[in-house]
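Undergrad: no sequence on hand, only this structure:
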Ligand code: IMP
Ligand code: MG
């Protein structure tokens, strides 16, 4: 029987995420970014971006911060394949190093779309940071420059990520138990 308050099984807990983000910040520093603009892809990356930006500050960087709201998930958990801009960045990116921050690299379409857009607008470099990557799911060729964790092929929630607008508030990344048991409905394997 499906529970009305499903249990979320922890995949990456708060402490593991926090540790990994400090390391990611050091990796970003090592890439020697100039005139850095962080562009967080809403909504899913808001928590990751907030923690990464503060880690970048602790690591000695002074990034400016921007947001772009993109949508590629229009029906349930199945990607439509089409990326649309719901809210654009306001800053000029010409000649700047941009760090694009997203929650998950799956088909790669979202990150490729945003990266191409920012490069076409004249950014010097667009580096990409994702909290999670799901290997073997790429529909387009892209590797993130900075990856938090390589994630199993399950639908994850929490730490900013949702299913049907729920679970974004969780401080950890997890798997909803009842979702996991209905792979056809949620597009899993
Ligand atoms: P891509 O364009 O296929 O790489 O899709 C990436 C986007 O799909 C991410 O930015 C997420 O918003 C969403 N997404 C992909 N997998 C998951 C998941 O397991 N949980 C929540 N959102 C996901
Ligand atoms: Mg997203």
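TA: Looks like it came in fine. Please read these numbers as outputs of a predicted model, since none were measured by experiment. Residues are numbered from 1 along each chain as shown. Ligands and ions are numbered 1, 2, ... in the order given.

Undergrad: would you map the helices across the chain?
TA: Secondary structure of the chain (DSSP state H): helices at 14-30, 46-58, 109-120, 177-180, 183-186.

Undergrad: how about those helices in CSV, adding mean neighbour count, distance to ligand 1 and mean pLDDT?
TA: C-beta: built from backbone N, CA, C; applies to glycine. Listed next are the helices of the chain as CSV, based on neighbours: other Cβ atoms under 10 Å; distance: least, Cβ to the nearest ligand atom, whole Å; pLDDT from 0 to 100:
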stretch, mean neighbour count, distance to ligand 1, mean pLDDT
helix 14-30, 15, 15, 98
helix 46-58, 19, 10, 98
helix 109-120, 19, 3, 96
helix 177-180, 16, 9, 66
helix 183-186, 12, 9, 41
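
Undergrad: which among the ones you listed is found nearest to residue 68?
TA: helix 109-120 (6.3 Å; Cβ to Cβ).

Undergrad: packing partners of the closest one?
TA: If you count contacts as 3 or more Cβ pairs under 8 Å, 6 or more residues apart in numbering; DSSP states H and E, helix 109-120 packs onto strand 37-42, strand 64-71, strand 97-105, strand 125-133.

Undergrad: can you redo these as TSV with mean pLDDT and mean neighbour count?
TA: What follows is those, written out as TSV (pLDDT from 0 to 100; neighbours: other Cβ atoms under 10 Å):
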stretch	mean pLDDT	mean neighbour count
strand 37-42	98	23
strand 64-71	96	17
strand 97-105	98	25
strand 125-133	98	24
